[in-house]
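**Q** Show me the folded form of this:
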Amino acid sequence: MFFYEDFIKKLDSSAEGHGVEKFTLDVKKTVVWLGTGIPFFIAGILELYISYTKDFAVTDLVIGIIFFLLSARHLKMYFSYKIILDFNEKKLKSKDVTFEFDNIASCTLKEQVIGKKRRMDVVLDVVTKDGQEIIIPLMMNKKLRFASLMKNSLGRRFSIQK
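**A** Coordinates of the predicted model:
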């Protein structure tokens, strides 16, 4: 990730979106979520097999279930992250949120502390006309393209906080 000032300087004011553009997790987050989810899944299968061979030993069964739950969480995070900008319908679609560009009151690009690690990250803070606030962390591939498209689609409603 660039430093925030470099990120702002590289925003493309001539970027135009056509049709539907999809944004998925960047390589770093993909490696993290898949790199932990798949080994936990394998460890869960192994622990459940060991439990089965020991006539369903409770400790191995519990450990296997815990590994399965951890793997399910990590794999769910990987497979559910997708943001779609639909310029035909003028909508932003995500797993939990869908809203029209015309319904956005303001959109602010800023640095904010997010997550449990308390790390600064670049986010889009979107406020709709009905008062709903949505924070979109830019942890996707093509971050610059996404931010540039949002900036050009929203015009004066888009602002950059330094």
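
**Q** Which of the three states applies to the residue sitting furthest away from the middle of the chain?
**A** Distance from the centre of the chain peaks at Asp55, with 41.7 Å (Cα atoms, centre = their mean). Here Asp55 is coil, with the state taken from DSSP: H, G, I helix; E, B strand; the rest coil.

**Q** Kindly report the same for Leu11.
**A** The three-state label given to Leu11 by three-state DSSP is coil.

**Q** thought it was touching Arg145?
**A** No - using Cβ atoms under 8 Å, Leu11 makes no contact with Arg145, being 9.8 Å away. C-beta: built from backbone N, CA, C; applies to glycine.

**Q** Apart from its neighbours in sequence, what residue is nearest Gly115?
**A** Closest residue to Gly115 apart from its sequence neighbours, by Cβ to Cβ, 6 or more residues apart in numbering: Asp121 at 7.5 Å.

**Q** hey, what's Val113 bridged with?
**A** Met120 (DSSP bridges).

**Q** Show me where the protein has its strands.
**A** 20-23, 83-86, 91-93, 98-100, 104-114, 119-128, 133-137, 158-160 (DSSP state E).
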